[in-house]
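1. predicted model and sequence below, questions to follow.
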Amino acid sequence: MLALGLALCLIAPEATAQQAAVALPEPVILHDTEVAYRSGDDELETRLERAREVVAQAAAAKGLRDNSVASARHNLALLQAEDGNYGPAIENFRAAIATREAVGRSLVAPDLVNSLVGLANALEAAGEEEAAITTLERAIHIAHVNEGPDTLSQVPFIDALSELYEDIGDSRESRRMHDHRYRIVQRSFEAGDDALVDALEYRARWARRVDNDELASLCYTQITQGLAKRFGDKDPRLIDPLMKFATVSLGRETGRYARTEQGLLSEARRAIGRAERIARESGDAEVLARMLVRKGDWMQYVGSSRGASDSYNEAWGLMDGAPALAPLKGELFGQAVAIYEAPMYMIYGNAGEVDNDPRFYPDEGFVTVNFSVDASGKVFDIDVVDSEPTGLRDVYVYRRLGAYVFRPRFVDGMPVAQDGFTFRHDFRYNASRFSSNERKFLQRKKAERDAKIAAQPTATNGEASGG
């Protein structure tokens, strides 16, 4: 979903693009006539009725070409979108935009941005990603014109646009947005500043999602260098980026089997060694215990069960000897925790990715499984409990889930098996990525399938359904 929530931007027409970006995601009530849109305890339908009344009153008092009418339509659209009624919401957002353009006689007036952002959210929610992208690009262009290029207030819009590009599978444009976002923040803050650290973390998470482990490793290296420059080489704040670098440097897909990649392993071990020295020299038992658990996770990740056991046991001993750390014991070892999750595709956009069977082209589907984790952190006893369409992605999910690696649950200092886990994989097919020929093929196959289903005889009452 877009970073800018549909129901979270109650904004009057007077707000500028900068105010909108700063205010989001908190609601902003700028004058008394908008009291009808406060969430409060009123039912949504009650607020919708009030919003319609405000639109009618504003139109009667001011005429249709007035900013107060645009504001009223904007807020009505927000409530309609909150109610999941995206068609009317889109119409009202567009009407608000047209009114503002007519009143201001400008296509780049600052007060257009709020309604454009609302429209983009509604379009995305309605499955019209490409229209949402065009709308959001216009909002960013208006912000550029009025505020200048590359201002911090534009970051939320850039984030939303990058997510949209990612949703439709355009990794190149998504990467361009992330690079743009980072340059904006980098120019505004010094190395080690919290805002720049957050920006690098954000970039690293995106890089991992698209399997760009080299970029993610670079981000964590930059975080470590910035924090060391600001706080010194022995500051415990360096532990987190060092441990993340150690994990990412192995490569997400080959992580637990990467022991033959000696160069990457050496870099990772050096980072872990540095993090461990910082933790031990800190004199803080909690810092050291957490670091040792993360070291154990890394060992588990690369398949070194002996090394993982040693680190987990030392961490348990530290917490066992400090009554104040008893709650931490439950947090870290109270249940099995996934430390490596084999990535699963959630969006399929090529008709050739699945077998040539018309039932393999749903708009969306899911697979739900139950599973257990043994004392060594491996998944077993995977049981598919529900899937739609039946059998479409069952084997795929079974195999990917079997590649997960867990930190096992500990009881009295010993790892134990744990059952009762449930996992659901949701997926969909993004028709916007199909070629025109693929769309025609799918439509024809779906029509043939539906005709066959309709032609099947219906069992009469009392007739056996199987035998």
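-> Sure thing, it's come through.

2. pull the contacting residues for the nearest residue to Ala228 once chain neighbours are set aside.
-> Distances taken as Cβ to Cβ, 6 or more residues apart in numbering place Leu238 nearest to Ala228, at 6.1 Å, with adjacent residues excluded. From N, CA and C alone the C-beta is placed, and that goes for glycine too. Counting by Cβ atoms under 8 Å, 6 or more residues apart in numbering, Leu238 makes contact with Thr224, Leu227, Ala228, Phe231, Arg274, Ala275, Ile278.

3. buried among these? Need that as a selection in ChimeraX.
-> ChimeraX command restricting those to the buried ones, with burial defined by 16 or more other Cβ atoms under 10 Å:
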select :224,227,228,274,275,278
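
4. could the contacts of Leu238 go into CSV alongside pLDDT and distance to Gln186?
-> As requested, these are exported to CSV (pLDDT from 0 to 100; distance: Cβ to Cβ, whole Å):
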residue, pLDDT, distance to Gln186
Thr224, 96, 16
Leu227, 95, 15
Ala228, 96, 18
Phe231, 95, 19
Arg274, 97, 25
Ala275, 97, 25
Ile278, 97, 26
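
5. and which of the contacts of Leu238 is nearest to Arg187?
-> Of all the contacts of Leu238, Arg187 sits closest to Leu227, with 19.4 Å by Cβ to Cβ.

6. right, and the helix or strand after the host helix or strand of the closest one?
-> Remark: Leu227 resides in helix 213-231, with elements defined by DSSP states H and E. Sequence-wise, the next helix or strand downstream of helix 213-231 (DSSP H and E) is helix 239-248.

7. pLDDT on that following helix, on average?
-> Across helix 239-248, pLDDT averages out at 93.

8. distance between that helix and the chain's centre?
-> When distances are taken as Cα atoms, centre = their mean, to the nearest Å, helix 239-248 is centred 21 Å away from the chain's centroid.

9. packing partners for it?
-> Judged by 3 or more Cβ pairs under 8 Å, 6 or more residues apart in numbering; DSSP states H and E, the packing partners of helix 239-248 are helix 194-209, helix 213-231, helix 262-282, helix 285-301.

10. what angle do the shortest one and helix 239-248 make?
-> When axes from the mean of the first three to the mean of the last three Cα atoms, to 10 degrees is applied, the directions of helix 194-209 and helix 239-248 differ by 20 degrees.

11. work out the gap between helix 194-209 and the centre of the chain.
-> 13 Å.

12. quick one on the thing from earlier: same list (the contacts of Leu238) but as a markdown table, adding distance to Ile142.
-> Putting the contacts of Leu238 into a markdown table (distance: Cβ to Cβ, whole Å) gives the following:
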| residue | distance to Ile142 |
| --- | --- |
| Thr224 | 38 |
| Leu227 | 37 |
| Ala228 | 40 |
| Phe231 | 40 |
| Arg274 | 47 |
| Ala275 | 45 |
| Ile278 | 47 |
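
13. what is the nearest of the contacts of Leu238 to Ser305?
-> The shortest approach to Ser305 among the contacts of Leu238 belongs to Ala275, at 21.0 Å (Cβ to Cβ).

14. which residue comes closest to that closest one once chain neighbours are left out?
-> Looking at Ala275 with Cβ to Cβ, 6+ apart, the closest residue is Leu242, at 4.1 Å.

15. can you pull the contacts of the one you found?
-> Contacts were defined as Cβ under 8 Å, 6+ apart; by that measure Leu242 touches Tyr220, Thr224, Ala271, Ile272, Arg274, Ala275, Ile278.

16. on that earlier part again, and of the helices and strands packed on helix 239-248, who's closest to Gln456?
-> Taking Cβ to Cβ as the criterion, helix 194-209 is the member of these that comes nearest to Gln456, at 42.6 Å.

17. who's in contact with that closest one?
-> 162, 166, 174, 178, 181-182, 185-186, 188-190, 213, 215-216, 219-220, 222-223, 226-227, 244, 248, 252.

18. where does pLDDT dip in this structure?
-> Counting by pLDDT under 70, the ranges of the chain that qualify are 1-42, 250-264, 347-363, 429-443, 445-446, 449-450, 453, 457-467.
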